[in-house]
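Peer 1: Build me a structure from this.
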Amino acid sequence: METTILEANLGKKVPPGEAWKCIVGCSLWLSILLVYTGVLPVVAQTVYPLPSADDTPEEVLRLEDPGYGNSMINGDKLNLGEYARLSAELQDSIEPAPKISQKLKDLIFLLKIRKLLRTFLPFF
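Peer 2: Alright, predicted model coming up:
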């Protein structure tokens, strides 16, 4: 007589018609164990609380003007007037790039062309 997997796992002989009773009983005990240990209620709990009534929605906060700016020097919060004044002062204090003679610009341009040609014609 062959032994089934169910018989081998239970370690006892089960009549052919009684196998479903063992399966139902084992699943019942397993579900009771999961509920008792708290695993099943945690998995089944997917309810999220609503925000409070006085909470401002995120969509409104994204559209509002913040009313301040951060300083470019030390990162302090400034109101919009101070931020505009500081950015204007910094813009005025930027020195222009030094002027390069036309002869030197031409020489740099020719060196760049030479470097480009050397990639394609290494013997040039």
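
Peer 1: Please parse the protein into its domains.
Peer 2: According to automatic domain parsing, the chain comprises the domains 5-43, 60-93.

Peer 1: pLDDT of the first one, averaged?
Peer 2: Right, the one you point to is domain 5-43. Here domain 5-43 scores 63 as its mean pLDDT.

Peer 1: what's the answer for stretch 103-117, then?
Peer 2: Taken as a whole, stretch 103-117 has a mean pLDDT of 94.

Peer 1: Tell me the buried residues in it?
Peer 2: Within stretch 103-117, no residue counts as buried by 16 or more other CB atoms under 10 Å. Backbone N, C-alpha and C define where each C-beta goes, glycine included.

Peer 1: How much space separates residue 58 from residue 51?
Peer 2: The gap separating residue 58 from residue 51 is 10 Å, by CB to CB, to the nearest Å.

Peer 1: quick one: contacts for residue 83?
Peer 2: 68, 69, 70, 71 (CB atoms under 8 Å, 6 or more residues apart in numbering).

Peer 1: In strands, which of those fall?
Peer 2: With strands taken from DSSP state E, the overlap with those comprises 68, 69, 70.

Peer 1: can you count the residues close to the last one?
Peer 2: Translated: residue 70. Around residue 70 there are 12 other residues, counting by other CB atoms under 10 Å.

Peer 1: Quick check: it touching residue 78?
Peer 2: Yes - contact criterion CB atoms under 8 Å: residue 70 and residue 78 qualify, at 7.2 Å.

Peer 1: tell me, what's touching those two both at once?
Peer 2: By CB under 8 Å, 6+ apart, no residue touches both residue 70 and residue 78.

Peer 1: how many neighbours does residue 87 have?
Peer 2: A total of 14 residues lie near residue 87 under the criterion other CB under 10 Å.

Peer 1: what residues are up against it?
Peer 2: Contacts of residue 87 (CB under 8 Å, 6+ apart): residue 72.
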